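Participant: Sequence and predicted structure, then a few things I'm wondering about:
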Amino acid sequence: MRIFFSLFCLAFPILLFSQVNSAKEIDYNSKYNSSDSIKKKKAPEATIDLYQFISLERDTTYIDTTQSIRKEHGFNYLRKDNFGLLSFTNEGQTYNTLQYGMNGFSPYPGFGFTAKQFNFSKAEEIKYANVASPVTELYFKTTIQRGQSADSYFAINTSPRLNFSIAYRALRSEGRYINHEARTGNFRFTTSYNTKDGRYVANAHYVAQKIQNEENGGISNVIDFENGDPSFDNRARLGVYFEDAKSVLKGKRFFVDQTFRINPKKGGNNLYVTEQFNYEDIYFDFTQQTIPSIVGGKQVFRYGESFVTGGLNDETKYNKMYNKVGLVYENTTLGAFTFFADDLRSNYYYNNILYLDTETVPNLLSQTINTVGGQYNYRKDKWKGKFSYSKSLTDQNLSNLDVSAVYDINDENQISFRYQNMNKLPNNNYNLYQSSYTKYNWSNDFVNEKINAISVNADTKWVSLSLLLNSINDHLYFADVTTDDERIESMQIVAPAQYGKAINYASLKVGKEFVFGKWALDNTLLFQKVDQSEAILNVPEFVTRNTFYFSDYMFDKKLFFQTGVELNYFTSYKSDNYNPLIGEFFTQNQTTIGNYPLLDFFINARIQRTRVYLKAEHFNSLFSKNNYFSAPDYPYRDFLIRFGLVWNFFN
């Protein structure tokens with residue numbers, strides 16, 4: 001409880017957001033100049049639209065203290081609706097992805113180790129405050145066994161043009177299995193400034209984050225879990241592969257985005273200069289004191305032979321510096337035309353060059369990527385559109401075409417379209433990796449992935465529809481290359497691979513809520529289909545979430561509450577497995593998971609600006625078979641009662 005009370009006293013909570021489509025013009029002068037009057041006046045009350053949170057793309061959200069079923073879906077470790085993600089046993093661990101393409105695509109090469117980055121804040125996810133008065137919010141939720149999850153945020157303005165925010169997210173969850181504890185820390189600081197005439201606008205943030213997990217490699221004998229033996233109801237009695245392994249993902253980022261209007265006064269034609277700077281430093285570390293595991297009374301070398309007999313420490317380092325400058329011509333009738341050029345310099349490296357019998361594995365992957373491009377933005381009345389194209393000048397052959405359009409029929413109905421054609425560079429850990437395990441060393445030169453993606457979305461008061469069509473060529477993935485003899489010895493050998501044939505993916509997501517007085521049934525259904533010659537991209541064909549709940553007011557409408565049951569289900573499929581050594585999921589064709597329901601019972605309440613949550617998670621595990629897994633060898637979490645709250649303050 002120390003983390004909870006410390007953060008409560010600091011009162012730095014994180015905000016929940018209610019998405020809207022465009023920012024509103026706000027006249028702050030009348031509010032702040034009212035204090036200059038000689039006669040004392042009653043302080044004006046700030047309306048909800050004076051508490052804005054603006055994204056890098058200039059989309060604006062407002063603070064939202066209401067209670068709805070969507071707030072229930074977003075009350076979790078990630079602080080957002082995680083439909084399409086399957087959580088692992090312990091809070092603060094990774095997620096298996098049930099819905100392909102939900103995380104979007106970027107043409108630039110990333111650091112990799114993607115299984116560790118679900119709660120690793122990206123630059124485009126940071127919100128910049130624009131508030132009329134100080135505002136705070138506190139998030140708290142119990143975890144599994146000992147520990148807490150807390151997320152705290154504080155935003156303040158020193159003037160209508162200068163805003164600051166500071167936030168810290170922390171988690172500790174012990175978990176029920178051996179060597180399973182999770183600890184995370186995420187510090188965020190933002191500032192935003194604009195001149196009185198709006199000629200200069202700047203947003204900046206600093207982020208320092210750390211995700212630390214004890215890694216047990218999964219349970220070593222799945223039968224002990226599946227047979228329902230009461231002696232294993234205490235999950236700490238189940239054998240695991242590693243009892244002292246640990247992974248750490250740690251990073252820091254400094255980011256600035258600024259715009260300057262060349263013409264002194266804004267008119268029908270305007271010329272802007274834009275600049276964006278991003279410096280990031282990340283490292284991933286996997287440590288393991290004891291190399292062999294004891295399974296069934298014999299030694300097992302899970303990842304094969306090792307150069308060391310103990311005290312393994314595999315550390316991968318990465319830094320990048322990104323600069324982007326642009327020139328924007330804006331016409332109030334035609335829209336905005338942008339020409340831009342950027343420069344990306346990155347270093348992905350290890351301490352030493354590795355000399356093997358068959359190859360030499362270098363210790364450095366250094367890249368310089370320069371691209372140029374253009375963008376057209378149009379926003380008027382009910383239409384908003386963007387056309388963007390960029391191509392590399394250097395030898396990497398990177399390119400990205402991105403076209404999108406949004407039409408707001410009215411406040412309750414919206415239609416959007418997006419097409420993306422991308423020549424994507426591989427993440428760095430596909431091309432280079434070093435480890436103390438002999439079979440986990442590689443140096444590759446993979447070709448770019450080619451991705452075509454079309455999405456159509458309709459958000460209406462009647463139904464929400466989302467159609468996604470993807471065509472992928474030269475798809476990169478991590479493959480299970482374990483031989484039959486190695487599998488007999490319980491080994492798990494994984495290596496990067498590239499699929500030279502086409503993969504075609506299609507999905508349709510449907511959302512609809514039926515309301516019967518005080519009762520409601522909220523439904524989200526996902527249908528997926530993959531056309532491929534080999535089983536490379538594996539997803540369940542059907543995923544659903546159905547929430548049946550009751551809502552009402554009590555105590556002269558001072559308390560609003562909701563209570564109900566939520567069902568999550570996905571059809572059986574050969575799920576990707578998780579490898580903690582490389583921090584990635586990999587394709588496997590040996591084990592099938594799924595085809596089991598996950599039932600949660602919840603009670604939510606709101607008193608003024610405080611929202612309280614109580615949930616009995618996966619209560620059907622009390623009477624069902626032990627056939628629920630998040631990935632092969634990794635069971636899904638058992639029955640658990642959890643409590644939490646979100647508390648807003650305004651000054």
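Facilitator: Okay, I see it.
Participant: can you confirm Gln590 is in a helix?
Facilitator: No - counting by DSSP: H, G, I helix; E, B strand; the rest coil, Gln590 falls outside a helix, being coil.
Participant: Report the contact partners of it.
Facilitator: By CB atoms under 8 Å, 6 or more residues apart in numbering, the residues touching Gln590 are 480, 487, 574, 632. From N, CA and C alone the C-beta is placed, and that goes for glycine too.
Participant: And Lys615, by the same measure?
Facilitator: Counted by CB under 8 Å, 6+ apart, Lys615 has contacts 600-603, 641-643.
Participant: So which residues of the stretch 251-400 of the chain form strands?
Facilitator: 269-290, 293-295, 298-300, 310-331, 335-349, 354-355, 360-361, 364-380, 383-392, 399-410 (DSSP state E, counting those that start in this stretch).
Participant: Centre of the chain to the first one, how far?
Facilitator: Pointing back at strand 269-290 there. Taking CA atoms, centre = their mean, to the nearest Å, the mean C-alpha location of strand 269-290 is offset from the chain mean by 16 Å.
Participant: Quickly run through the sheet partners of it, with directions.
Facilitator: Its sheet considered, strand 269-290 pairs with strand 245-261 (antiparallel), strand 310-331 (antiparallel) by DSSP bridges.
Participant: looking at those, which is buried most?
Facilitator: Among the strands paired with strand 269-290, ranked by average contacts under mean count of other CB atoms under 10 Å, first place goes to strand 245-261 (a mean of 18).
Participant: Alpha carbons of that strand, as PDB, please.
Facilitator: Presented in PDB, the C-alpha positions along strand 245-261 are these (Å, rounded to 0.1, in the frame of the first residue of the first chain):
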ATOM      1  CA  ALA A 245      15.500 -15.300 -14.900                       C
ATOM      2  CA  LYS A 246      14.500 -11.700 -15.300                       C
ATOM      3  CA  SER A 247      14.000  -9.200 -18.200                       C
ATOM      4  CA  VAL A 248      14.200  -5.400 -18.100                       C
ATOM      5  CA  LEU A 249      13.100  -3.000 -20.800                       C
ATOM      6  CA  LYS A 250      14.200   0.600 -19.900                       C
ATOM      7  CA  GLY A 251      14.100   3.800 -22.000                       C
ATOM      8  CA  LYS A 252      14.200   7.600 -22.000                       C
ATOM      9  CA  ARG A 253      12.900  10.000 -24.500                       C
ATOM     10  CA  PHE A 254      13.100  13.800 -25.100                       C
ATOM     11  CA  PHE A 255      10.600  15.100 -27.700                       C
ATOM     12  CA  VAL A 256       9.800  18.500 -29.200                       C
ATOM     13  CA  ASP A 257       7.300  19.500 -31.800                       C
ATOM     14  CA  GLN A 258       7.000  23.200 -32.800                       C
ATOM     15  CA  THR A 259       5.400  25.400 -35.400                       C
ATOM     16  CA  PHE A 260       6.100  29.000 -36.400                       C
ATOM     17  CA  ARG A 261       4.000  31.100 -38.700                       C
END
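Participant: How far off centre is that strand?
Facilitator: 14 Å.
Participant: ditto for stretch 571-588
Facilitator: In terms of CA atoms, centre = their mean, the centre of stretch 571-588 is found 18 Å from the chain centre.
Participant: what's the answer for stretch 194-207, then?
Facilitator: Taking mean C-alpha positions (CA atoms, centre = their mean), stretch 194-207 and its chain are 26 Å apart.
Participant: got it, and stretch 324-337?
Facilitator: So, by CA atoms, centre = their mean, the centroid of stretch 324-337 is 31 Å from its chain's centroid.
Participant: would you turn the strands of the stretch 251-400 of the chain into TSV with mean pLDDT and distance to Leu537?
Facilitator: Formatted as TSV, those follow (pLDDT from 0 to 100; distance: least, CB to CB, whole Å):
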stretch	mean pLDDT	distance to Leu537
strand 269-290	96	25
strand 293-295	90	31
strand 298-300	92	30
strand 310-331	96	26
strand 335-349	97	26
strand 354-355	92	31
strand 360-361	94	28
strand 364-380	95	26
strand 383-392	95	26
strand 399-410	94	21
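Participant: mind checking which of those strands is nearest Ser455?
Facilitator: The minimum distance between Ser455 and the strands of the stretch 251-400 of the chain falls on strand 399-410, with 8.8 Å, by CB to CB.
Participant: Remind me what the closest one packs against, helices and strands.
Facilitator: Strand 399-410 is packed against strand 383-392, strand 413-424, with contacts defined by 3 or more CB pairs under 8 Å, 6 or more residues apart in numbering; DSSP states H and E.
Participant: And the shortest one, what does it pack against?
Facilitator: Going back to what we said before, that points to strand 383-392. strand 364-380, strand 399-410.
Participant: and it with strand 413-424, angle?
Facilitator: 0 degrees (axes from the mean of the first three to the mean of the last three CA atoms, to 10 degrees).
Participant: Give me the residues contacting strand 383-392.
Facilitator: So strand 383-392 is contacted by 21-22, 107, 340, 342, 369-379, 398-408 (CB under 8 Å, 6+ apart).
Participant: just to revisit the earlier point, identify the farthest-apart pair in the contacts of Gln590.
Facilitator: Largest separation among these by CB to CB: Arg487 and Lys574, giving 15.3 Å.
Participant: In JSON lines: the helices and strands packed on strand 383-392, plus mean neighbour count.
Facilitator: Formatted as JSON lines, the helices and strands packed on strand 383-392 follow (neighbours: other CB atoms under 10 Å):
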{"stretch": "strand 364-380", "mean neighbour count": "15"}
{"stretch": "strand 399-410", "mean neighbour count": "16"}
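Participant: With Gln434 as the reference, name the closest of the ones you listed.
Facilitator: Here strand 364-380 is closest among the helices and strands packed on strand 383-392 (CB to CB), at 10.7 Å.
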